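Visitor: Got a sequence here, can you build the structure:
(one chain, ligands or ions: 2)
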Amino acid sequence: MDEISLNILDIVQNSIKAKASSISISIDIDRRKDLLSIIIKDNGEGMSKDQLEKVEDPFYTTRTTRKVGLGIPFFKYAAISTGGNFAISSNLGEGTVVRAEFIFSHIDRMPLGNIVETMHLLITMHQNIHFLYTYKLDNDIFSLDTKDLKEILGDIPFNVPEVSNFIKEFLLESHNEINRGSYI
Ligand SMILES: Nc1ncnc2c1ncn2[C@@H]1O[C@H](COP(=O)(O)OP(=O)(O)O)[C@@H](O)[C@H]1O
Ligand SMILES: [Mg+2]
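Guide: Numbers count the residues shown, from 1 in each chain. Ligands and ions are numbered 1, 2, ... in the order given. Take a look at the predicted model:
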């Protein structure tokens, strides 16, 4: 995985597996501070202290189909290798927060990649989950709360082609407007 957006997808899939009904995803890029910060917060099952200690270890996973879980260790390594930080906090029955901080200009920082595709996929494939997505670049901010989408669309499913395309265009235009041609 050489794109941060694919790492985000993997981390959010953990939240979905943990039966979260609400997930917030925040990307905050501050070029003056030279930081790219990601926070993913869910209200899923959470982890015990014991589980949490094992999770950053690449040889731990509760899955049986694959022996090693690499989602979290990989994301952690990607952040740390830029000189950044990584932290997870979790409480059983309450939820989990994953924070990763990358040094923006570091040569080993992966590009953000196709975050529009990632968010579009998550939102349209999991309409029963409430997503709050925030993208901040320096002083500009964009937020998408799927509660607002539901209010506008009522019972119309997000994966109906017209709606799905509308969500994608909205995400794309909002990012383009904020990025103003910068490659993040
Ligand atoms: N948000 C979360 N809520 C509850 N448990 C989690 C969460 N994220 C990770 N875990 C636990 O940590 C384990 C390791 O996650 P990960 O490194 O992504 O590997 P994998 O998803 O392949 O198991 C998961 O199997 C799960 O038990
Ligand atoms: Mg995973």
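
Visitor: the strands in this protein, which residues?
Guide: 22-30, 35-42, 85-91, 95-103, 130-137, 140-145 (DSSP state E).

Visitor: any chance of those in CSV, with mean pLDDT too?
Guide: Below are those laid out as CSV (pLDDT from 0 to 100):
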stretch, mean pLDDT
strand 22-30, 98
strand 35-42, 98
strand 85-91, 97
strand 95-103, 98
strand 130-137, 98
strand 140-145, 98
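
Visitor: So for residue 55, which of those sits nearest?
Guide: Closest approach to residue 55 among the strands of the chain (Cβ to Cβ): strand 85-91, 6.7 Å. Where you see a C-beta, it was placed from the backbone N, CA and C, and this is true even at glycine.

Visitor: want to throw the strands of the chain into JSON lines with mean neighbour count and distance to residue 172?
Guide: As requested, the strands of the chain are exported to JSON lines (neighbours: other Cβ atoms under 10 Å; distance: least, Cβ to Cβ, whole Å):
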{"stretch": "strand 22-30", "mean neighbour count": "20", "distance to residue 172": "15"}
{"stretch": "strand 35-42", "mean neighbour count": "21", "distance to residue 172": "20"}
{"stretch": "strand 85-91", "mean neighbour count": "16", "distance to residue 172": "29"}
{"stretch": "strand 95-103", "mean neighbour count": "21", "distance to residue 172": "23"}
{"stretch": "strand 130-137", "mean neighbour count": "18", "distance to residue 172": "12"}
{"stretch": "strand 140-145", "mean neighbour count": "15", "distance to residue 172": "11"}
